[in-house]
Structure formats: structure tokens, C-alpha cells
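In: This is a predicted model, with the sequence first.
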Amino acid sequence: MKQIVLTLFSFLIMSTISAQNKTLVAYFSATGTTKKVATELAAVVNADLHEIKPAQAYTNADLNWHDKKSRSSVEMADKKSRPAITDKLTNMSDYQTIYVGFPIWWYTAPTIINTFFESYDFKGKTVYLYATSGGSTIDKSVSDLKAAYPEINIKSGRLLNYAGKNELQDFVGNR
Ligand SMILES: Cc1cc2nc3c(=O)[nH]c(=O)nc-3n(C[C@H](O)[C@H](O)[C@H](O)COP(=O)(O)O)c2cc1C
């Protein structure tokens, strides 16, 4: 009997520890490019995949950066804008390592990424950033987000334009 209780107890401890050690690949993607990379990254790191989903989806007109009045232009010009997120995670506490991916907008991360960082408790978690772009680097996104959230353990970031399996493995291995 004692043996059974002990076995059950250690099983409970083990599953609690592993539940809190999971990896999450989160992404926001307006036109599918970052989503594709995120899906591949989640397979490479054996992580759960989570879409950072805007409550109101972005239309093509919303994404027109030539139009100063388009939704994305207005949001990106206002550092305080926080586009609402829907389908939030209910089990963020399970994850220890979180990859956060997004398209570069106006040389930095879209403000919905700020909404994401302000929606959960990141205490004790490690965050890696990744992005896709039309050519801009991820550097400004990394420094902007680190400056905005000094209390969050944000590590390096990597631009993953056209990343194949080798580059994804390199990113995961050399973060
Ligand atoms: C509003 C807006 C602003 C953008 N600004 C930049 C930019 O500053 N630099 C850049 O290289 N690409 C920029 N892009 C291009 C996107 O970063 C690129 O197409 C990205 O891969 C799209 O990812 P998604 O399909 O996951 O939304 C911008 C795109 C949009 C819609």
C-alpha cells in the first residue's frame, strides 16, 4: 500500500513539474507569413502553438501602410494603442519558455504584441522573439520590447524570413 501511495505521489510531482516546463510558440500574423514560420518552429521545438488573435481581424485596407489613416498606420503612430486580443490562453502558467513571433510593422513589433505582453504574467518565464519582414531587421523590435518590459526576461530575437528547418534548429539551439 505504502509503495502504491509513493508511486502515485511521485507521478503527481513529475506531471506537475512537466506541466510547468512546457514550451509555447505564440504568433501574430496578419497575412500568413509569420503563421507559416510559427507552425514550423512549433514542430521543431515540440511546442504548443498559439495564435495571438486580434478581436477584429485586419483587412487589406487596414494593412495599407501608404495610407496614414489606415488602422495599422494609426495604431503604429500611437505607442499607447493596444488592439484587443480574443481567444486568450487560459493555461499560460504551464509554459516556461515562450517564443513570440510577429511581422515587422514600421521597423518594430505591432502594438498587438504589447497587448499580448500585458495580458499575462511572465514572471519566471523566458521569452525569445522571432519575426518576418520585407527586409527590416528584428533589432528595433527587440530593443523596444526590452525597454517597454524590463521586468520580463526577453532574450534574443531572430528574423526568420524564409527560414528552413536547419535555420529553425540553429535558432532553437543557439538562442
Ligand atoms: C502595416 C505594415 C507595415 C510594415 N512595415 C514593415 C517594415 O517596416 N519593414 C519591413 O521590412 N517590412 C514591413 N512590412 C512587411 C511585413 O513585415 C512582412 O510582409 C511580413 O512578413 C508579414 O507577415 P504576416 O504575413 O505574418 O503578417 C509591413 C507590413 C505591414 C502590413
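Out: Right, received. Where do you want to start?
In: For the rest of this, base every contact and every neighbour count on C-alpha atoms.
Out: OK.
In: Need the three-state assignment for the nearest residue to residue 71 once chain neighbours are set aside.
Out: Nearest residue to residue 71, sequence neighbours excluded (C-alpha to C-alpha, 6 or more residues apart in numbering): residue 62, at 4.6 Å. Recorded secondary structure, residue 62: coil (DSSP: H, G, I helix; E, B strand; the rest coil).
In: Could I get the contacting residues of residue 161?
Out: For residue 161, the contacting residues are 131, 132, 133, by C-alpha atoms under 8 Å, 6 or more residues apart in numbering.
In: quick one: it and the ligand, what's the gap?
Out: In this view, residue 161 and the ligand are 7 Å apart by C-alpha to the nearest ligand atom, to the nearest Å.
In: That residue looks like it's in a strand, true?
Out: No: assessed by three-state DSSP, residue 161 does not belong to a strand; its assignment is coil.
In: count of residues packed around the residue nearest to residue 71?
Out: 17 (other C-alpha atoms under 10 Å).
In: isn't it right next to residue 75, touching?
Out: No: with contacts counted by C-alpha atoms under 8 Å, residue 62 stays clear of residue 75, the gap being 10.0 Å.
In: Who does the residue most central in space within the chain form a beta bridge with?
Out: What sits nearest the mean C-alpha location of the chain, by C-alpha atoms, centre = their mean, is residue 100, with 1.7 Å. Beta bridges link residue 100 to residue 26, residue 129 when assigned by DSSP bridges.
In: That's all I had, so thanks and see you.
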